[in-house]
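# Pasting the sequence and the predicted model now:
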Number of protein chains: 2
Amino acid sequence: MRASTEWVAIAYESYDLWGESGVNLTDSSDYLRGRAARTAPTLAEVAAIAGVSTATISRFLNSPAVVSGKTAERVRLAIQQTGYVPNLLAGALASNRSRLIAAMVPSLTQSIFSSTIQSMTDALFEAGYNVLLGLAGDHDEHVPAVIDSILGRRPDGLILTGVIGGPELRARLLSANIPIIQIWDLPADPLDMVVGFSHEAVGRAVGQYVLKKGYKSPFLISAGGVRALSRRFGFSRALLEQGFAEPPYVVFDPPTTTRQGRQGLADYMDSGGKPDVVVCTSDWSAQGVMAEIQSRGLKIPDDIAVIGFGDLAFAADLEPALTTVLIDGSQIGRQAARLLLQRAKGLHPDPAIIEVGFQIIERASA
Amino acid sequence: MRASTEWVAIAYESYDLWGESGVNLTDSSDYLRGRAARTAPTLAEVAAIAGVSTATISRFLNSPAVVSGKTAERVRLAIQQTGYVPNLLAGALASNRSRLIAAMVPSLTQSIFSSTIQSMTDALFEAGYNVLLGLAGDHDEHVPAVIDSILGRRPDGLILTGVIGGPELRARLLSANIPIIQIWDLPADPLDMVVGFSHEAVGRAVGQYVLKKGYKSPFLISAGGVRALSRRFGFSRALLEQGFAEPPYVVFDPPTTTRQGRQGLADYMDSGGKPDVVVCTSDWSAQGVMAEIQSRGLKIPDDIAVIGFGDLAFAADLEPALTTVLIDGSQIGRQAARLLLQRAKGLHPDPAIIEVGFQIIERASA
DNA sequence: CGCACAATTGCAAGCGCTTACATTTAGGGG
DNA sequence: CCCCTAAATGTAAGCGCTTGCAATTGTGCG
């Protein structure tokens, strides 16, 4: 694909000049060794300066309402003067609340979940929580290790995207005894709370849309994950129920890429396939499909129509604009954060299973 | 842009059925309240079962080499039997090592940094570290708050992308007394270690490339951040040095989107601009530029050429393939992780300023 | 078989906070 | 001006681990 490659002057000198392991090292054991290294001020020091007990400082920080005005002022000054930053590790240990929420996603690159994580992190941050990210791997290959390291941090809540796992994993998660939210799906057997939608319903809706539009020869480009497969399943069901044949499809390994879309359609057409619409389980592959169609001098949607999934930021601004399925990822994140915060307050949100729905966005491509 | 919108059946019933705040709540104070809620097994319990002291269990976990074989076996069993998960908060407090690395990025959505975070997180996880993500906001608006909450977790290292900040912020960061790595740039005045490249050099290289290709009327679409501005500056310099005029440009607020590219070019051309090449400070906007050009029935690169930045995953598979600047984000992440790990071992990597370079990838679009 | 030394293990003192409970101080009414 | 109650603050016991140091056990060798 790369027609040619030109190294830039400065790159000649610097790129990979030091290999990933060919770095010179100087031992200087004084740095970061043992506990002598850091000397951040502690509560006790601030308390001494302010002339109060450590308990008062702690209260000033955590429940300002209970300390008197003049004390508060002295404490404020002492904190400012010392540049005190509370040690949340110690606080978490003592209070048994870490103010940490763990979120597990397959991966970060090209992830459809990033808007969810973004909005969730923002919302939780407002409430004093930090998000600890766990990357499960595109095939969930790191799940057990990630779960263990995450649980070791004693998070106050867990957000999971598409982790199924066997009974032992479920047990391990449940034994943490913290709120768990599964997002981006509606599991048949939820661990706890859920914010998601039915992927099969999406597939079915897209199938009905395709039929309504009068397309006769759909071709499916699907990712290999369970959720994408559910969508494909729903799509096929919709067609079968109307007496159509099961549509041809190709399945690619995650993560889904633009190239897969291009490749998938190219291979299909090169082997004689003549689709009038290509349905993708991701806007990324849909984008590749569009490129492939155009590179063959065909017209979208007249010769071949294209449908994506996700309504990613770029979908509306392709040429032609991409017809796709909108999932409000930010809303999922906000809802998840909200449920978690409710639970942290000791409330039991009802319902604890929130179906966020989806929407087919009809644009020019199909 | 949305030609029409169709709600899917199931969506009618469920979408926003519960508003974001209209949820019924049941108080059940027994849940997650006070310290009675959790009863995870502790070191002491495991020790009792294994018939050894807590110190031995701790050693088994952290320096297995020093415990004898038969003891190790007993401990292993006890751990398995109890389902013990070490409380890393307590461990961190006691050892003054949190095994947490904080990473600050502007945002997650459409972020060019995601491959860096991904590879960094993976590499650090291997070594027993978790990554705590801090979202600074597209205009660094959350920096102070995020820094404080991050430092409170006592991370063992800090990774920063594009945080400048005044002297007081610098002081606060340095006072944490932990390794700091600034990535994706070469700051004139680094806090500590650096893994990045010169954005101005990128701009200059692109400028030279544009000249070499014989383009006469470039138009720039730039993001508003300091890094994108450096690239624009470098680009202009390259042209000015060769006696060309400063190229016209438009600057958009981050985050950079496909729409900005479309809009930017459309506005420029509608007001009479006749560029023969559009240079973008992001592949995202380049993608929008391409769509806009094609929607006007023009040819890429014959009528208007396009150059992007980032070599994001889709760039090679657009039609035509996008000429862009490759930055190896994964390598940045790995290098940063490596530096951090070296430092954690008490070594001082040399050099501590790593320039990763870049590469102009010539494809069909320019 | 006894001793020096190394390899294991145990003891116990924290790490820096939170919070139940006790104590002190402030405020109000009679 | 005193007593009662509420508000503010202090005391001190942990939270669950790590680790310096001491004690114990094991090993090799004379």
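Alright, I've got the coordinates. Numbers count the residues shown, from 1 in each chain, chains lettered A, B, ... in the order given.
# What residues does chain A have near DNA strand D?
Applying C-beta under 7 Å from any atom of the strand, we find that chain A lies next to DNA strand D at A:34, A:51-56, A:59, A:66-68, A:70-71, A:90, A:93-94, A:96. C-betas here are computed from N, CA, C, even on glycine.
# of these, buried ones?
With burial judged by 16 or more other C-beta atoms under 10 Å in any protein chain shown, the buried subset of the residues of chain A next to DNA strand D is A:52, A:56, A:59, A:67, A:71, A:90, A:93, A:96.
# Please identify the helix or strand for residue A:203.
In the assignment (DSSP states H and E), residue A:203 maps to helix A:199-212.
# Which elements pack onto that helix?
With contacts defined as 3 or more C-beta pairs under 8 Å, 6 or more residues apart in numbering or on different chains; DSSP states H and E, helix A:199-212 has these neighbours: helix A:226-241, strand A:277-280, strand A:305-307, strand A:324-326, strand A:359-362, helix B:9-14.
# shaky segments in the stretch 1-150 of chain A?
A:1-38 (pLDDT under 70).
# ranges for the helices of it?
Counting by DSSP state H, counting those that start in this stretch, the stretch 1-150 of chain A has these helices, from start to end: A:9-14, A:43-50, A:54-62, A:69-82, A:88-95, A:114-126, A:143-152.
# Next, the buried residues of the fourth one.
By neighbour count on 16+ other C-beta under 10 Å, the buried set for helix A:69-82 is A:71-72, A:74-75, A:78-79, A:82.
# and the residue in chain A sticking out farthest from the centre, how far is that from residue B:140?
When each C-alpha in chain A is compared with the mean C-alpha position (C-alpha atoms, centre = their mean), residue A:51 comes out farthest, at 46.9 Å. Residue A:51 is 37 Å from residue B:140, where distance means C-beta to C-beta, to the nearest Å.
# ok so, going back, what residues of the helix holding residue A:203 count as buried?
Buried-residue list, helix A:199-212, by 16+ other C-beta under 10 Å: A:199-211.
# What of stretch A:273-281?
By neighbour count with 16+ other C-beta under 10 Å, stretch A:273-281 contains the buried residues A:275-281.
# Distance to residue A:294 and pLDDT for those - can I get that in a markdown table?
As requested, the buried residues of stretch A:273-281 are exported to a markdown table (distance: C-beta to C-beta, whole Å; pLDDT from 0 to 100):
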| residue | distance to residue A:294 | pLDDT |
| --- | --- | --- |
| A:275 | 15 | 97 |
| A:276 | 16 | 96 |
| A:277 | 16 | 97 |
| A:278 | 13 | 98 |
| A:279 | 18 | 97 |
| A:280 | 15 | 96 |
| A:281 | 21 | 93 |
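# Report the two of the residues you listed separated the most.
Maximum pairwise distance among the buried residues of stretch A:273-281 (C-beta to C-beta): 18.6 Å, between A:276 and A:281.
# any idea how far residue A:235 is from residue A:324?
Separation of residue A:235 from residue A:324 (C-beta to C-beta): 14 Å.
# I figured residue A:129 hits residue A:101, correct?
Yes: the pair residue A:129 / residue A:101 is scored as a contact, 5.2 Å apart, by C-beta atoms under 8 Å.
# Serialize the buried residues of stretch A:273-281 to CSV and add fields for distance to DNA strand C.
Output for those, formatted as CSV (distance: C-beta to the nearest atom of the strand, whole Å):
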residue, distance to DNA strand C
A:275, 61
A:276, 63
A:277, 58
A:278, 56
A:279, 53
A:280, 49
A:281, 46
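# Which of those residues sits closest to DNA strand D?
If you rank the buried residues of stretch A:273-281 by distance to DNA strand D using C-beta to the nearest atom of the strand, residue A:281 comes first, at 42.5 Å.
# and stretch A:311-330, what's its mean pLDDT?
For stretch A:311-330, mean pLDDT is 96.
# Using CSV, list the CA coordinates for it.
The C-alpha trace of stretch A:311-330 is given here as CSV (Å, rounded to 0.1, in the frame of the first residue of the first chain):
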residue,chain,number,x,y,z
ASP,A,311,-22.1,6.1,14.4
LEU,A,312,-18.6,7.1,15.1
ALA,A,313,-17.6,10.7,14.8
PHE,A,314,-16.6,10.4,11.2
ALA,A,315,-19.6,8.6,9.9
ALA,A,316,-21.7,11.6,9.1
ASP,A,317,-18.8,13.3,7.2
LEU,A,318,-17.8,10.6,4.8
GLU,A,319,-18.8,10.9,1.1
PRO,A,320,-21.4,9.8,0.9
ALA,A,321,-22.5,10.0,4.5
LEU,A,322,-22.7,6.6,6.2
THR,A,323,-26.0,5.0,7.2
THR,A,324,-25.3,3.4,10.5
VAL,A,325,-26.6,2.5,13.9
LEU,A,326,-26.2,5.1,16.6
ILE,A,327,-25.3,3.9,20.0
ASP,A,328,-25.0,6.7,22.6
GLY,A,329,-21.7,5.7,24.2
SER,A,330,-21.5,8.7,26.3
